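**Q** okay, predicted coordinates and the sequence, questions at the end:
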Amino acid sequence: MTFWLLLTVNSITFGGLLFLLSAGFSLIFGLMRIPNLTHGSMFMVGAYLGTSLLGGTSGFTLNFWVAALIAAVEVAILGALMERLLLRRLAGQQLAQVLVTLGVSFMAADLCLMGWGGDPISVATPPHLAGFVRVDGAAFPLYRMAVILIAVVFAVALWLMLERTRLGAMIRAGVDDPQMARVVGIRVSQLFTIVFALGAGLAGFAGIISGPILSVYPGLDQDMLPLALVVVILGGTGSLLGSFVGSIIVGFIYNFGQALLPELAYFVLFLPMVLVLVLRPQGLFGGQIL
Amino acid sequence: MSRKTLSRKVSRRTLLAGSAAGAAAALARFPSPAIAQAAPIKIGLLTVKTGPLAQGGIQMEQGALTYLKETNYTMAGRKVDFVSADTGGAPAGAKTKVQELVERDKVDVVIGPLAAFELYAINDYVQQHKMPTLSLAAADNLTQRTPNPYLIRASATSSQAMQPLGHYAATEMKLKRVVALADDLAFGYEEIGGFQAAFEKDGGCLVGKLWPPLTTPDYTPYVAQIADCDGVCQGFAGSNPLRFMKAYADAGMKYPVVTGEVGGDDALLKSFGNEALGLVSCCPYSLDLESAANTRFIDAMVKNFNAIPGFYSAGIYVNCQVIEAGLKATGGDIGDKDKFMAALRAVSLTDTPRGPIKFDHFGNVVGTFCIRHCGTEGAKYGLKLWNKVVKIYHNVSQFWTWPEQDFLAHPVYSRDYPPLRKC
């Protein structure tokens, strides 16, 4: 019983983290039509910047949540710069853009190694969330519960933004049909920058939020990118609902797959992706943004 | 990097000066061998400076540079030219880089590589080229059933530290039933195999083995499977011990955890938090070992790199000591590889940071292994945690207490060997 409870809670937590990571990935994919292969790096850079803000390297200590928000903003700015300075110059050349994002991800990995060294950095759980909830002999860390809450809050906020605001309407139009959106006077290129920055910021935020669970280490980017890719292919590109459902599904498959079929953990993880690609290439919720 | 280039420049200049002096001398009395003698010895380090394994690789280079600085780039009276190559932590990279070191840089001896799969990748090549190789990587069979005559391992085989650990877990910690988890690769299999064999020899029982993939961001699904036991053995490497211990503590697990040299490495102490309190590890190198050689080594590492050494940097430092001892025995001659290898195998040192070492006839180390308890007591060098040595096993060989031929009669430790038995 404990086993199932523990895994269920952990699946939802991991799904929540994946949602924060992949919501932006999915929107960028939907709008700009490219898989942004720096997305894992954004996650890692956010985590590293967060650890610096949390104390140690920069000489002062911030509250965990303040540090997380600042790190997210910093990564968002990096994302905007990258879109403006690199991807913009290659507008319309999708293959070139994908290759640029891949190249930048390698460069980012080496820069992080230079800046923060190769030693893994563990992030302390915020003190007010360090305890457990004990149910039926199983211990559930409060922090993991909080991560679920954060993911839900962000999901609702993103949904409201896309559904109720003018910016959201423009993004939806851009994902639906960029040419038509341009014709009706939406500055799609500006949208690109905004969405890219938003996606990067979310990934950076997810990075530092996951710090107390995953810690920060070189190679974190490459551990996370494939998972985001699976989520987005499962859920459908450009779909918020798709990335939410996809994240939860992948969270469950990842946790239960490793626990029940450890020999086949990766097979089980990527099998649904293959099936979806073959049977429903647009993904479970492809074509519907919300 | 700058230090490396500097050393190269210096040695190139000394090389020039040396040749000039040799040429001048040649005019006087034609001693052409003196020119050859004056040429520096070239040491090539195969390490990893980029990618996920870079943490250990950078420490390896720091260990080598610390030794060379200490001896002023001189070994047995000969200048040393040091070349460092980054394999990227991949077998293909290791193969390319060792070729570069041997054929382009013309090194006389290779130190490294870091990972077992890298060592397997270059094993044939260094044998063909008769290149003395002082490995840090622990691929058991290369000093056991398929020995490489040009290999010397002053660190340990994968299972070497785990065997005394198994003995300690069974006889002193009185553990009866242990679940083992390790990275899903040869190093992990060999570690757990060694632990299991020694632990069961002394009456314990391994009740389960779990093999998470090398890149597992969250270990909770594996932690959830730990049950029906009174202890846990982990054989993780790199940054994985950190995440495993965190997930383990987060799930509220309390069974004692035991681990090997990289799972509880002293270099990880600064990254560990309270989740590592009580971790029992067995390692060929310990910060806590009090000896003049160790204090000198630690102080130099702190001074040069502001780094607290661990298994990786100490391993390479000791390798350098072994090379120097070998060179002294041959009178500085490294031209005859077979003679040099024989000298290396005969090396016996007492003043290394890890304590006294010698080699068996396969070229693998026989030396001191310490059991340590992780706590806060005695912490030094600004660390909050400290691995305190609680028991020292002397003269531990790769065969543990088994006779060599009995040990070699069974297959190499693997995913399925020794098999789990009912108990």
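**A** Perfect, I can see it now.
**Q** helix/strand/coil for the nearest residue to residue B:70 once chain neighbours are set aside?
**A** Distances taken as C-beta to C-beta, 6 or more residues apart in numbering or on different chains place residue B:300 nearest to residue B:70, at 6.0 Å, with adjacent residues excluded. (Each C-beta comes from the backbone N, C-alpha and C, glycine too.) Classification of residue B:300 by DSSP: H, G, I helix; E, B strand; the rest coil places it in helix.
**Q** just give the number of residues close to the residue of the stretch 151-300 of chain B found nearest chain A.
**A** Using C-beta to the nearest C-beta, the closest approach of the stretch 151-300 of chain B to chain A is made by residue B:252 at 2.8 Å. Residues lying near residue B:252 (other C-beta atoms under 10 Å in any protein chain shown) number 16.
**Q** is it in contact with residue A:135, as I believe?
**A** No - Residue B:252 is beyond contact range of residue A:135, at 11.0 Å (criterion: C-beta atoms under 8 Å).
**Q** can you give me the helices in chain A?
**A** Listed from the start of the chain, chain A has helices (DSSP state H) covering A:2-32, A:39-53, A:64-82, A:94-116, A:142-164, A:166-176, A:178-183, A:188-209, A:211-214, A:220-235, A:240-260, A:265-279.
**Q** list the buried residues for the last one?
**A** For helix A:265-279, the neighbour count (16 or more other C-beta atoms under 10 Å in any protein chain shown) marks A:265, A:268, A:269, A:272, A:273, A:276 as buried.
**Q** packing partners of it?
**A** Judged by 3 or more C-beta pairs under 8 Å, 6 or more residues apart in numbering or on different chains; DSSP states H and E, the packing partners of helix A:265-279 are helix A:220-235, helix A:240-260.
**Q** make CSV out of those helices and add distance to chain B.
**A** As requested, those are exported to CSV (distance: least, C-beta to the nearest C-beta, whole Å):
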stretch, distance to chain B
helix A:220-235, 5
helix A:240-260, 4
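**Q** so can I have JSON lines of those showing mean neighbour count and mean pLDDT?
**A** As requested, the helices and strands packed on helix A:265-279 are exported to JSON lines (neighbours: other C-beta atoms under 10 Å in any protein chain shown; pLDDT from 0 to 100):
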{"stretch": "helix A:220-235", "mean neighbour count": "24", "mean pLDDT": "91"}
{"stretch": "helix A:240-260", "mean neighbour count": "23", "mean pLDDT": "91"}
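**Q** out of those, which comes closest to residue B:100?
**A** helix A:220-235 (25.8 Å; C-beta to C-beta).
**Q** C-alpha coordinates for that closest one, PDB please?
**A** Taking Å, rounded to 0.1, in the frame of the first residue of the first chain, the C-alpha atoms of helix A:220-235 are listed here in PDB:
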ATOM      1  CA  LEU A 220      21.000  17.700 -15.900                       C
ATOM      2  CA  ASP A 221      20.000  19.400 -19.200                       C
ATOM      3  CA  GLN A 222      20.400  16.200 -21.200                       C
ATOM      4  CA  ASP A 223      18.500  14.200 -18.600                       C
ATOM      5  CA  MET A 224      15.500  16.500 -18.800                       C
ATOM      6  CA  LEU A 225      15.300  17.400 -22.500                       C
ATOM      7  CA  PRO A 226      14.100  13.900 -23.700                       C
ATOM      8  CA  LEU A 227      11.400  13.900 -21.100                       C
ATOM      9  CA  ALA A 228      10.100  17.200 -22.300                       C
ATOM     10  CA  LEU A 229      10.200  15.900 -25.800                       C
ATOM     11  CA  VAL A 230       8.100  12.800 -24.900                       C
ATOM     12  CA  VAL A 231       5.600  15.000 -23.000                       C
ATOM     13  CA  VAL A 232       5.100  17.300 -26.000                       C
ATOM     14  CA  ILE A 233       4.900  14.500 -28.500                       C
ATOM     15  CA  LEU A 234       2.400  12.700 -26.400                       C
ATOM     16  CA  GLY A 235       0.300  15.800 -25.600                       C
END
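**Q** and residue B:100, how far from residue B:58?
**A** As defined by C-beta to C-beta, to the nearest Å, residue B:100 lies at a distance of 20 Å from residue B:58.
**Q** which one of those two has more residues nearby?
**A** residue B:58 (23 against 15).
**Q** can I assume the more buried one sits in a helix?
**A** Yes - membership of residue B:58 in a helix is supported by three-state DSSP.
**Q** what would the helices and strands packed on helix A:265-279 look like in a markdown table with distance to residue B:423?
**A** As requested, those are arranged in a markdown table below (distance: least, C-beta to C-beta, whole Å):
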| stretch | distance to residue B:423 |
| --- | --- |
| helix A:220-235 | 36 |
| helix A:240-260 | 24 |
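**Q** what's the burial count for residue B:69?
**A** 14.
**Q** can you pull the contacts of it?
**A** Listed by C-beta atoms under 8 Å, 6 or more residues apart in numbering or on different chains, the contact partners of residue B:69 are B:300, B:304.
**Q** quick one: name the residues of the stretch 251-400 of chain B near chain A.
**A** For the stretch 251-400 of chain B, the residues in contact with chain A (C-beta under 8 Å from any C-beta of the partner chain) are B:251, B:252, B:267, B:268, B:270, B:271, B:272, B:273.
**Q** run through chain B and note the low-pLDDT ranges.
**A** B:1-38 (pLDDT under 70).
**Q** according to the record, where do the domains of it fall?
**A** Using automatic domain parsing, the domain ranges for chain B come out as B:2-156+B:290-366, B:162-288+B:367-409.
**Q** of these, which is nearest residue A:198?
**A** With respect to residue A:198, and counting by C-beta to C-beta, the nearest of those is domain B:162-288+B:367-409 at 23.6 Å.
**Q** ok, which stretches of chain B are strands?
**A** Assigned by DSSP state E, the strands in chain B fall at B:41-47, B:74-75, B:78-86, B:109-111, B:133-135, B:151-153, B:177-182, B:205-210, B:231-235, B:257-259, B:280-283, B:357-359, B:365-375, B:386-396.
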